[in-house]
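Chemist: Please work out how this folds:
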Amino acid sequence: MSLGLGVGVRYSAFGATAPVTATGQSSGQESTLNLLPMYGVAVARLDVLARRTVVPLVLYAKGGVAVTHWWMMLGEDYARRSAGSPAAPDNDRDFGRSARGFSYGWQLAAGAMLRLDFLEPRVQRSWDLEMGVNHSYLFAEYMVVTDWNRPQLHVASNTWVFGIAFEM
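Modeler: Predicted coordinates for the structure are as follows:
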C-alpha cells in the first residue's frame with residue numbers, strides 16, 4: 001500500500017446562442033459557460049498485486065477538496081445579473097455583478113489501474129532509466145464532486161474518468 005498527494009486541473013466550456021427571454025426567439029448573441037475545476041487530494045493505492053504477483057492491477061481511492069472557478073460570457077463581455085432574473089428575489093445584492101465566481105466542495109474517487117509493464121518489460125525498464133517513468137497504466141475511476149451548501153453555482157457531478165497515467 002502506498003500513500004500520496006495529487007492535484008488536478010481541467011477546463012470545460014459550453015456555448016449556445018442566448019434566447020431573448022420575452023419572446024423565446026434567438027438573440028443571435030453567443031453565450032458561454034466556462035469551468036476551471038481544480039482539486040487537491042490524498043491518494044491511497046493498493047499495489048501489492050502488481051508488485052508481488054503476475055496480476056498487473058492497482059486499486060486506489062482519492063479524497064480531498066475541489067474548487068471550480070467559473071465565468072459566463074455574453075459575446076466578448078462578462079454576463080451580468082439583471083433585475084429581471086426570475087431565479088432571484090428583488091432584494092438580491094448581486095444584480096449587476098459579473099457572472100463569475102468560485103464553487104467549493106469535496107472530490108472523491110475510486111478506481112483501478114492496469115499496469116502496462118507486462119506488455120514490453122524491456123521497453124518499460126529502458127523508459128524508466130532514460131525518462132524516469134517507473135510505470136505506465138491505463139485507468140478507470142468513478143469520480144464524485146459535491147457542492148458545499150452555500151450560495152454558488154452548483155457544479156457537482158458523478159462521472160466516469162478513463163485515461164493513461166505515468167508514475168515518475
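
Chemist: in the biggest strand by length in the chain, what counts as buried?
Modeler: What stands out as the longest strand in the chain, according to DSSP state E, is strand 26-46. By 16 or more other C-beta atoms under 10 Å, the buried positions in strand 26-46 come out as 31, 33, 35, 37, 38, 39, 41, 45. From N, CA and C alone the C-beta is placed, and that goes for glycine too.

Chemist: where does this structure have low pLDDT?
Modeler: Applying pLDDT under 70 to the chain picks out residues 20-27, 81-97.

Chemist: ranges for the strands of it?
Modeler: Under DSSP E, the chain gives strands at 2-9, 12-19, 26-46, 57-74, 77-78, 100-115, 135-145, 157-167.

Chemist: returning to what we had before: other SSEs contacting the longest strand of the chain?
Modeler: strand 2-9, strand 12-19, strand 57-74, strand 100-115 (3 or more C-beta pairs under 8 Å, 6 or more residues apart in numbering; DSSP states H and E).

Chemist: Report the strands that pair with the last one, each with its relative direction.
Modeler: Right, the one you point to is strand 100-115. strand 57-74 (antiparallel), strand 135-145 (antiparallel) (DSSP bridges).
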